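Asker: give me coordinates for this.
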Amino acid sequence: MGAYVYSGIVWGLLLIAGVLLIAASRTNRKDKNSGILRWTGYGLLLCTLGLIVLEIYAGFEEASHRIGH
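Answerer: Below you'll find the predicted structure:
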């Protein structure tokens, strides 16, 4: 169960980093790097959400394997 706690902390930090990158890109729109920051933030959010979905699927797979045996 400890691995799920650590992965939850990492997911939270990645989500916060993605939101902060998007917010930083919106505060200074005239900067040429704002588009890079925004799309990096979007990519970080999408990858993190994908990892969360995969971890949930792995948990269901593990639980169904225990029930089957």
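
Asker: the helices in the chain, which residues?
Answerer: 2-27, 34-68 (DSSP state H).

Asker: could you dump those helices to a markdown table with mean pLDDT and mean neighbour count?
Answerer: The way it works is simple: take the backbone N, C-alpha and C, and place the C-beta from them, glycine included. Output for these, formatted as a markdown table (pLDDT from 0 to 100; neighbours: other CB atoms under 10 Å):
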| stretch | mean pLDDT | mean neighbour count |
| --- | --- | --- |
| helix 2-27 | 85 | 13 |
| helix 34-68 | 85 | 12 |
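
Asker: residue contacts, Lys30?
Answerer: For Lys30, the contact set (CB atoms under 8 Å, 6 or more residues apart in numbering) is empty.

Asker: how near is it to Val19?
Answerer: Noted for Lys30: a distance of 21 Å to Val19, by CB to CB, to the nearest Å.

Asker: repeat for Ala58
Answerer: Taken as CB to CB, the span from Ala58 to Val19 is 25 Å.

Asker: how about Glu61?
Answerer: The span separating Glu61 from Val19 equals 30 Å under the rule CB to CB.

Asker: show me the contact partners of stretch 13-25.
Answerer: 34-38, 40-45, 47-48.
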